[in-house]
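*Asks:* Just to be clear, the model below is a prediction. Sequence and coordinates:
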Amino acid sequence: MSATISVTFGSDPEVRGYLVIDSTVNGRAYGGLRLSPDVSAATLARVARAKTLKYGLLGLPLGGAKAGIAAAAEIPAERRRELLKGFGEIIKPYLESRRFVPGEDLGTTAGDIRYMLEANGLKVPPRSLSEGSGTFTAVTVFAAAVSACEYAGVDLHGAAVAVEGFGSVGAPTALAFSKGGARVVAISTVLGGIYDEAGLDVAELSRLRDRVGDAVVNIYPKARRIDRQVLPELDVHVFSPCAQPDSITEANVGSVQAKVICPGANCPVTPEAERNLFQRGIVPVPDFVANCGGVLGVSMRRAGIMTGDIERYIGRKVAREVTGILEAARAENVVPRVPAERVAEERFARAKAQAESRSVVGRAFGLGLELYRAGAIPRWLVAPLAPRYFDSRVR
């Protein structure tokens, strides 16, 4: 199933907001709300689909959705609140019934989502919002890159890496590559890009970003400025797009020189460009595989599992997945997305059927999950059982 709502709202009649529900489990769908000037129904539909595939790959009983407001993330706080409240008011029936359960996304924070809900008179369940998913996403992007580089014959130690976007996903992803022995030679934000063939000091960049945000590219003194649009075309071993969709399209795919594309962003490569990359011997890791760590890591943390254990688990999990997917792609001579989507769709159908089962066990499990999310069941009671639950789902 797929449903799209497109609305104008607020004091500016040109402002548009969208809600796309790609799939549901027990009538509900989960996904982020983004704030970005290039938000469109078509883009959100692709990202919502990626969300379904991500949940399916992980065996999590969740429907996929995505919402967005077409506005710059850097707007004044008062205007931001106006847009959040106005959009929330229009989609309130979906929020109230929890047919759509929102989370933070590109250009928004967990605080923004909380404000939108509370400004419209809706309670925020204790375990419904979470922060810090970017760090978990970075773990799986790096793990996916390790497997993809082995497949492509690239020694990641000392390899040149370009990371597009240096926000909540891009910054920890660059740091993971740097700590893993790679040479991060370029990063970008909405304000531009920087490049140093010898390698950037990612730890220093991260500290500067905490102080000045996107302006980090303007004040870092040890690199030369470059146009952020050229990052996909740099002569590097690994390109990791961690920003907007459609970083690589038919327009620039012929200039891509990386051996491995390992995304932290959703839908960073158009389908046609992905086929072009594969035909040229470049390894395009499917986005919903490489960046699934945010969803899985946050789910495991909510269940009370320790951060170190989560990072080890999701890193191993995604490394195995990527290896299997790339081997299947080679055997079938198809882009890696083909076997990845097949596996994800099969697992999603199985998880959905189990969650919507009318059996006593199915109903009891669903009730228990809802009570835990609402804070009615203590974390200490769930934590000992959580590893077994995820092992049974994520395989």
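*Replies:* Sure, I can see it.
*Asks:* Low-confidence ranges, the protein, go.
*Replies:* Applying pLDDT under 70 to the chain flags the ranges 1-2, 10-13, 126-132, 358-387, 389, 393-395.
*Asks:* longest helix anywhere in it?
*Replies:* Criterion DSSP state H: the longest helix present in the chain is helix 307-332.
*Asks:* Of all the residues in the helix or strand following that helix, which ones are buried?
*Replies:* Scanning forward in sequence from helix 307-332 by DSSP states H and E, the next helix or strand is helix 337-355. Residues of helix 337-355 classed as buried by neighbour count (16 or more other CB atoms under 10 Å): 337, 339-341, 343-344, 347-348, 351-352, 354-355. Yep, even glycine has a C-beta here, placed from its N, CA and C like the rest.
*Asks:* Can you add distance to residue 162 and give these back as JSON lines?
*Replies:* Formatted as JSON lines, the buried residues of helix 337-355 follow (distance: CB to CB, whole Å):
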{"residue": "337", "distance to residue 162": "22"}
{"residue": "339", "distance to residue 162": "27"}
{"residue": "340", "distance to residue 162": "23"}
{"residue": "341", "distance to residue 162": "27"}
{"residue": "343", "distance to residue 162": "29"}
{"residue": "344", "distance to residue 162": "27"}
{"residue": "347", "distance to residue 162": "32"}
{"residue": "348", "distance to residue 162": "32"}
{"residue": "351", "distance to residue 162": "35"}
{"residue": "352", "distance to residue 162": "38"}
{"residue": "354", "distance to residue 162": "41"}
{"residue": "355", "distance to residue 162": "40"}
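*Asks:* still on that earlier bit, which parts of the longest helix of the chain count as buried, going by neighbours?
*Replies:* Neighbour count says helix 307-332 has 310-311, 313-315, 317-319, 321-323, 325-326, 328-329 buried, by 16+ other CB under 10 Å.
*Asks:* distance of residue 5 from residue 106?
*Replies:* Taking CB to CB, to the nearest Å as the measure, residue 5 falls 19 Å from residue 106.
*Asks:* just checking, residue 61 touches residue 351?
*Replies:* Yes. Between residue 61 and residue 351 there is a contact under CB atoms under 8 Å: 4.6 Å.
*Asks:* Find the residues that touch each one of the two.
*Replies:* 25, 55 (CB atoms under 8 Å, 6 or more residues apart in numbering).
*Asks:* ok, residue 5 and residue 106, which is more surrounded?
*Replies:* A direct count of neighbours by other CB atoms under 10 Å for residue 5 and residue 106 places residue 106 higher, at 22 against 15.
*Asks:* tell me which element that one is part of?
*Replies:* Per DSSP H and E: residue 106 is located in neither a helix nor a strand.
*Asks:* tell me the contacts of it?
*Replies:* By CB under 8 Å, 6+ apart, the neighbours of residue 106 are 32, 34-36, 73, 167, 243-244.
*Asks:* quick one: which of the residues you listed has the most company?
*Replies:* Neighbour counts for the contacts of residue 106 peak at residue 35, which has 25 neighbours (criterion: other CB under 10 Å).
*Asks:* For residue 113, see how far away it is.
*Replies:* According to CB to CB, residue 35 stands 11 Å off from residue 113.
*Asks:* Also residue 47?
*Replies:* 17 Å.
*Asks:* Please say which of those two ends up with more neighbours.
*Replies:* In this view residue 47 and residue 113 are compared by other CB under 10 Å, and residue 47 has more residues nearby, 28 against 22.
*Asks:* Quick check: the more buried one is in a strand.
*Replies:* No. Counting by DSSP: H, G, I helix; E, B strand; the rest coil, residue 47 is not found in a strand; it is helix.
*Asks:* So what's the residue count around the closest residue to residue 356 other than its chain neighbours?
*Replies:* Spatially, and ignoring its direct neighbours in sequence, residue 356 is nearest to residue 26 (5.7 Å; CB to CB, 6 or more residues apart in numbering). Here the number of neighbours of residue 26 (other CB under 10 Å) works out to 15.
*Asks:* Residue 108 now?
*Replies:* A count of neighbours around residue 108, defined by other CB under 10 Å, yields 24.
*Asks:* counting contacts, what elements does the longest helix of the chain pack onto?
*Replies:* For helix 307-332, the packing partners by 3 or more CB pairs under 8 Å, 6 or more residues apart in numbering; DSSP states H and E come out as helix 133-152, helix 287-290, helix 293-302, helix 337-355.
*Asks:* Quick one, which of those helices gets closest to residue 94.
*Replies:* Relative to residue 94, the nearest member of the helices and strands packed on helix 307-332 by CB to CB is helix 337-355, separated by 19.2 Å.
*Asks:* That closest one to helix 307-332, inter-axis angle?
*Replies:* Counting by axes from the mean of the first three to the mean of the last three CA atoms, to 10 degrees, helix 337-355 lies at 130 degrees to helix 307-332.
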